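Here's my sequence, what's the structure:
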Amino acid sequence: MQKILNALCDSTRRAALAVLWDGGEHCVCELMARLDASQSRMSRHMKVLREAGLVMDRRDAQWVRYRRNPRLSPDIMAVITAVLTAEHRLEQEMA
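So this is what the prediction gives:
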């Protein structure tokens, strides 16, 4: 559980999870563009998410594609969804 909480502490990782939470598979190149992050920075963040068991990866030629881990427990899914929803609402209120 601590690895998951540590993974959620960083805003870039939460933003990456928000992209992946649509259930689709996304190339690290797409995450880099959407989050304005370098490849090395994005790869470091995705490694943390992968090691926490939140995402899965698949190599596709020169790129790595990520998706939400479909084997996450419903409790963990609910926690992450709640965190992402709360952050989104807070951002809307602040805008």
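
Residue 58 - that's part of a strand, no?
Yes: secondary structure of residue 58, determined by DSSP: H, G, I helix; E, B strand; the rest coil: located in a strand.

That one pairs with what?
Beta-bridge pairing of residue 58, defined through DSSP bridges, involves residue 65.

Neighbours of it, how many?
Residues lying near residue 58 (other CB atoms under 10 Å) number 10. Just so you know, the C-beta spots here come from the backbone N, C-alpha and C atoms, and that holds for glycine as well.

now residue 92
The criterion is other CB under 10 Å. On that basis, residue 92 has 8 neighbouring residues.

ditto for residue 83
Other residues within reach of residue 83, judged by other CB under 10 Å, total 15.

isn't residue 84 right next to residue 21, touching?
Yes: the pair residue 84 and residue 21 qualifies as a contact (CB atoms under 8 Å) at a distance of 6.1 Å.

And the host helix or strand of residue 34, what does it pack against?
Residue 34 belongs to helix 28-35 when elements are defined using DSSP states H and E. When contacts are defined as 3 or more CB pairs under 8 Å, 6 or more residues apart in numbering; DSSP states H and E, helix 28-35 packs onto helix 11-20, helix 39-51, strand 63-68.

who touches the first one?
Looking back up the chat, that one is helix 11-20. 7-8, 26, 30-31, 34-35, 37, 41-42, 45-46, 48-49, 54-55, 66-68, 80, 83-84, 87-88 (CB atoms under 8 Å, 6 or more residues apart in numbering).

Kindly recompute the last result at 6 Å.
Applying CB atoms under 6 Å, 6 or more residues apart in numbering, the external contacts of helix 11-20 come out as 7, 26, 31, 35, 45, 49, 66, 68, 84.
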